[in-house]
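1. Build me a model from this:
(chains A and B)
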There are 2 protein chains.
Amino acid sequence: MKRVNKSLMNIEQKLKSSAELIQDTLLNHIHQLINTPEPLKKAMSYSLSAGGKRIRPFLVLEVAKAVSGDEAIIDKALYAACAIEYIHTYSLIHDDLPAMDNDDYRRGKLTNHKVFGEALAILAGDALLTQAFGLLSQMAKQNLIEPKIAIELIDDLVHFAGAQGMVGGQVADIEAEQGDTTFEQLQFIQQHKTSDLIICSVLAGGRIAEANETQLKHLYTFARNIGLAFQIQDDILDVIGDEVKLGKATNSDVNNEKVTYPYFIGLEESKQLVIKLTDEAKSAIEFAQLKDASTLIALADYLVHREY
Amino acid sequence: MKRVNKSLMNIEQKLKSSAELIQDTLLNHIHQLINTPEPLKKAMSYSLSAGGKRIRPFLVLEVAKAVSGDEAIIDKALYAACAIEYIHTYSLIHDDLPAMDNDDYRRGKLTNHKVFGEALAILAGDALLTQAFGLLSQMAKQNLIEPKIAIELIDDLVHFAGAQGMVGGQVADIEAEQGDTTFEQLQFIQQHKTSDLIICSVLAGGRIAEANETQLKHLYTFARNIGLAFQIQDDILDVIGDEVKLGKATNSDVNNEKVTYPYFIGLEESKQLVIKLTDEAKSAIEFAQLKDASTLIALADYLVHREY
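-> The predicted model follows:
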């Protein structure tokens, strides 16, 4: 247990230092956009600076390192890491809009449209989505990776972030709120809203490091499992958070009609499922036979033990 | 003059039959999206079916044909033609939103958000934008073009449709409405809101047909000129339309505070400028020494003679 705690501390340190590198790089790419209206650059930068754990870009970098065994691969992988964070950020900006979740705050900061107005928030989201693909095409144009690999990264990003991925999950979420949601619908929504971009991050890291097909298959399984575990852990923390905050019984979410894993299968079984998914994720990483899997294993443990 | 009329009739026929092919292909690509919520596919298809002259995809196809001298190149070029129409369509959906232009109708049909609601309209736009890149990556994945060329198409699309292109133009337009607009600002807005995607279409056709650098340079000049001529002609038709509709004097737009080319340089000089730009566009096409430039020349003439 002591060893787990130590590796959890390590992974938090690594996440923190990676998040700083990511943030600097994200903003630097926006800064370098010439011939672009300043208000647009400001609106894009505002949401990119909003912080968060930056787990998706961290996965891109750490998978690339784990597969290649080479720290220097970060120079290439940073482009893809930023591309995925652009996508994640645009999705948050659009999700927060009055027509969607109508949120005024995110992570304690005013949401994009509260600061810049709805029109600019929509356009900042559109621009981030578009520029994400520009970061990937530039990887090939600058000879960091083969054009063929850049095409795979782009095709994956379309698949996991587009109509068949994240956007599809968001649509399913909106539709679900209008009626009763089945467990199958919840699974569809969480798979696409959350897991898909995590899968995309892991595959991107693998592809940049030229992982073979077998490794990519196991990396996919790893990503799918930690993505789902991450989401269920969020659901669990919501319930526990509500308990602490509201002093209600564990199944208060049933009354709130919140549609979550605990709602369908109960809190205890949800906790067990997170542990099972994490174990399967770690097995997949073993099967993938990477050069150095320690950080990915530690991350899987971190995601299940985290308390926020 | 009779010859011009005949070639104008020809080009209208060609535009019409190309528009039908484009529409079928656009919808077919959406139909083929598996594992995608039906409401999303419906919202995407609705706006893709809204018609229009489809000048951008026409340019992709016709430039590819003009450079290669090969009808069969259409099979490849159709993917890129559809990608650009996806981008054009997403931009219209987002532009029509209440937070932007707040339009209820476009081409006589209810706008996307009036039919599907704002949330789904935003997401349908996001999905079209994302899938546009998927059509381009699929060109390489399906071995229709070299990955290196697909990367150029993707990089161009980011440049001309993103923060430095169309989205940047849209932001400048929004900002301009909030204050007085200078002629320089108008030029920036029209360059990026309208011309950029036309340039992107022409370059895409050229790249797919493997035009050389000199040809691409002249094609760029052609596109930039017809893009601007197209926009100024729109401005002129707005003024003339207003005259007929409202029975006002030609410079009624001055009182309406509409910011257009006629507003800044007058109606007559605007008409002269359209002719000059069209002539320069046709010269550029001559310089490019294409295998068969007749349709592109006819299109340039059509754009200046059109009355709607």
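
2. Please identify the buried residues of stretch A:10-20?
-> Taking 16 or more other CB atoms under 10 Å in any protein chain shown as the basis for neighbour counts, the residues of stretch A:10-20 that come out buried are A:11, A:14, A:15, A:18, A:19. C-beta coordinates here come from the backbone N, C-alpha and C atoms, glycine included.

3. correction: stretch A:278-293
-> Of the residues in stretch A:278-293, A:278, A:280, A:281, A:282, A:284, A:285, A:288, A:290, A:293 count as buried by neighbour count, 16+ other CB under 10 Å.

4. swap in stretch A:91-108?
-> Within stretch A:91-108, judged by 16+ other CB under 10 Å, the buried ones are A:91, A:92, A:93, A:94, A:95, A:96, A:97, A:98, A:99, A:100, A:101, A:106.

5. where in the stretch 201-308 of chain A is pLDDT low?
-> Scanning the stretch 201-308 of chain A for pLDDT under 70 picks out A:242-258, A:308.

6. cool, the stretch 1-150 of chain A as well?
-> A:1-8.

7. which one of the buried residues of stretch A:91-108 sits closest to chain B?
-> For chain B, the nearest member of those is residue A:99. The distance, counting by CB to the nearest CB, is 3.4 Å.

8. want to try TSV for the buried residues of stretch A:10-20, with secondary structure as columns?
-> Compiled in TSV, the buried residues of stretch A:10-20 are given as follows (DSSP: H, G, I helix; E, B strand; the rest coil):
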residue	secondary structure
A:11	helix
A:14	helix
A:15	helix
A:18	helix
A:19	helix
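
9. Now flag whichever of the residues you listed is closest to chain B.
-> Comparing every one of those with chain B (CB to the nearest CB), the shortest separation belongs to residue A:19, at 23.7 Å.

10. Could you list the contact residues of the stretch 151-300 of chain A toward chain B?
-> Neighbours of chain B within the stretch 151-300 of chain A, by CB under 8 Å from any CB of the partner chain: A:151, A:154-155, A:157-159, A:161-164, A:167-168, A:170-172, A:174-175.

11. Can you tell me which of those end up in strands?
-> Within those, no residue falls in strands by DSSP state E.

12. Of those residues, select the buried ones using a PyMOL command.
-> Taking 16+ other CB under 10 Å as the burial criterion, the selection of buried members of those in PyMOL is written as:
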select buried, chain A and resi 151+154+155+157+158+159+161+162+163+164+167+168+170+171+172+174+175
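
13. Find the centremost residue of chain A, please.
-> residue A:56 (4.1 Å; CA atoms, centre = their mean).

14. so which strand or helix has the closest residue to that one other than its chain neighbours?
-> For residue A:56, ignoring the flanking residues on the chain, the nearest one in space by CB to CB, 6 or more residues apart in numbering or on different chains is residue A:201 at 4.4 Å. Assessed by DSSP states H and E, residue A:201 sits inside helix A:196-208.

15. One more: residue A:134?
-> helix A:118-141.

16. can you tell if that helix touches chain B?
-> Yes. Contact between helix A:118-141 and chain B is present through A:118-120, A:122-123, A:125-127, A:129-131, A:133-134, A:136-138, A:140-141 (criterion: CB under 8 Å from any CB).

17. The residue nearest to the centre of chain A: what's it in contact with?
-> For residue A:56, the contact set (CB atoms under 8 Å, 6 or more residues apart in numbering or on different chains) comprises A:81, A:84, A:85, A:88, A:197, A:198, A:201.

18. buried set for stretch A:62-71?
-> For stretch A:62-71, a neighbour-count test (16+ other CB under 10 Å) marks A:62, A:63, A:64, A:65, A:66, A:67, A:68 as buried.

19. now those residues in JSON lines, with distance to residue B:190 and secondary structure?
-> Compiled in JSON lines, those are given as follows (distance: CB to CB, whole Å; DSSP: H, G, I helix; E, B strand; the rest coil):
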{"residue": "A:62", "distance to residue B:190": "46", "secondary structure": "helix"}
{"residue": "A:63", "distance to residue B:190": "45", "secondary structure": "helix"}
{"residue": "A:64", "distance to residue B:190": "43", "secondary structure": "helix"}
{"residue": "A:65", "distance to residue B:190": "47", "secondary structure": "helix"}
{"residue": "A:66", "distance to residue B:190": "50", "secondary structure": "helix"}
{"residue": "A:67", "distance to residue B:190": "48", "secondary structure": "helix"}
{"residue": "A:68", "distance to residue B:190": "47", "secondary structure": "helix"}
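
20. excluding its backbone neighbours, what's nearest residue A:271?
-> Distance criterion CB to CB, 6+ apart; nearest residue to residue A:271, sequence neighbours excluded, is residue A:236 at 6.3 Å.

21. isn't the one you found right up against residue A:266?
-> No. Because the distance of 10.6 Å does not satisfy CB atoms under 8 Å, residue A:236 is recorded as not touching residue A:266.

22. Mind checking which of these two has more residues around it?
-> In this comparison of residue A:236 against residue A:266, neighbours counted by other CB atoms under 10 Å in any protein chain shown, the higher total goes to residue A:236 at 20 against 14.

23. any idea how far that one is from chain B?
-> Summarising the geometry, the distance separating residue A:236 from chain B, computed by CB to the nearest CB, to the nearest Å, is 27 Å.

24. ok, residue A:25 to residue A:56 distance?
-> Residue A:25 is 14 Å from residue A:56, where distance means CB to CB, to the nearest Å.

25. Need the overlap of contacts for those two.
-> Shared contacts of residue A:25 and residue A:56, defined by CB under 8 Å, 6+ apart, comprise residue A:81.

26. Pull the contacting residues for the closest residue to residue A:117 other than its chain neighbours.
-> In space, residue A:117 comes closest to residue B:99 once its chain neighbours are excluded; the distance is 7.5 Å by CB to CB, 6+ apart. The contact partners of residue B:99, taken as CB under 8 Å, 6+ apart, are A:117, A:118, A:119, A:122.
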